[in-house]
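**Q** Below: sequence and its predicted model.
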Amino acid sequence: MFSADRLRALHAVAQHGSLARAARVLHITPSGVSQQLAKLERETGHTLLEPHGRGVRLTHAGRVLAGHAARVVAQLTAAETDLADLRDEILGPLRIGGVGSSLRALMPDVLATLTAAHPRLQVTVEDGEAVDMVPRLSGGELDLLLIESWLNRPMPLPEGVRVATLAEEDVSVALATGHPLADRATVDLAELGDTAWAACPAGTEPHEALVQALRSRGVEPRMRYTLTEYATQLAFVARGLTAALVPGMAQTPCPPGVRFVPVDPPLRREVRAAWRAGGDSPSVRACLAALSAHGDGG
């Protein structure tokens, strides 16, 4: 009979590609992961890892066993959830991540209400880009995410991640008030062919949605400024240096000298909550309910 902890270690290495990243997810040392896998090799009689560059990779036997380990870990997670349901206590850690504009708009009120109602809940929050955080959600480092999905480029999600839409909002072009198109009721992105743009880093949802939106209107993007925060993008817009695509939740705070012009044809963004299938603990469900109530004006 294989140890569940050793199968978890193999699953973590298969998911995250290295002993060090697996160790962070499992909250043990890399040597601890290595020891677990060495014991598993002795139990199975097969070599499960082999050197690869500066790291390791799974052997064929390792990949075969990792497939079984994934199913065992999923079943154990479901069992843990069922046991949590029996208690239905909302306490302990709740690890939340998300894109900054959504966290700022939604989480302060939601968490103030949630932690007042459940004082034994221990919430941690960190911001970042969805492209970086979704793998951490799948790997168990985070319990709940606020992610964005632009409707002109829906965000792909891995198997085993569930989502609920919290809000849908318009996306506008941010222009300096002195820009020739700033006083328009709407603007077609095709009219901004010579414009320098500010955007979040390449690979993030806002960046890729901007590129796709411009190319769909026959414009090849001129990405001049790579700026992670919308507030910084708006500071550059205010000085007439660039334009930016900015969703509603990110339009405040805004410096003087910026005008938001709706896009024609329209662009919209969804804000979604994401969690692991089988990872909807009482704490996650309570936070989802509070987010839903906030969205309904409750």
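**A** It's in.
**Q** Domain-wise, how is the protein divided?
**A** Using automatic domain parsing, the domain parsing of the chain gives 4-87, 92-167+271-295, 169-268.
**Q** could those domains go into TSV alongside mean pLDDT?
**A** Listed next are the domains of the chain as TSV, based on pLDDT from 0 to 100:
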stretch	mean pLDDT
domain 4-87	85
domain 92-167+271-295	92
domain 169-268	96
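**Q** okay if I get those domains as CSV plus mean neighbour count?
**A** For the C-beta atoms, the positions are set from N, CA and C on the backbone; glycine is no exception. CSV is the format used below for these (neighbours: other Cβ atoms under 10 Å):
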stretch, mean neighbour count
domain 4-87, 16
domain 92-167+271-295, 18
domain 169-268, 18
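**Q** ok, the residue nearest to Gly295 when sequence neighbours are not counted to Ala274 distance?
**A** In this structure, Gly295 finds its nearest non-sequential neighbour in Leu166, 5.1 Å apart by Cβ to Cβ, 6 or more residues apart in numbering. To Ala274, Leu166 is 10 Å away according to Cβ to Cβ, to the nearest Å.
**Q** ok but Leu245 is inside a strand, no?
**A** Yes: judged by DSSP: H, G, I helix; E, B strand; the rest coil, Leu245 forms part of a strand.
**Q** All the helices of the stretch 1-150 of the chain, residue numbers only.
**A** Along the stretch 1-150 of the chain, counting by DSSP state H, counting those that start in this stretch, helices occupy 4-16, 19-26, 30-44, 60-87, 100-117, 130-138.
**Q** got the contact list for the most centrally placed residue in the chain?
**A** When Cα atoms, centre = their mean is applied to the chain, the residue found nearest the centroid is Ala130 (2.7 Å). Ala130 sits next to Gly98, Val99, Leu145, Ile147, Glu148, Met155, Thr204, Glu205 when contact means Cβ atoms under 8 Å, 6 or more residues apart in numbering.
**Q** what two of those residues are the furthest from one another?
**A** Between any two of these, the greatest separation by Cβ to Cβ is 14.0 Å, found for Leu145 and Thr204.
**Q** residues contacting the residue lying closest to Thr124 once chain neighbours are set aside?
**A** Take Thr124 and drop its neighbours on the chain: the residue closest to it by Cβ to Cβ, 6+ apart is Arg95, 5.3 Å away. Contacts here follow Cβ under 8 Å, 6+ apart; on that basis Arg95 touches Thr124, Glu141, Leu142, Asp143, Leu144.
**Q** Fine by me, we can end here.
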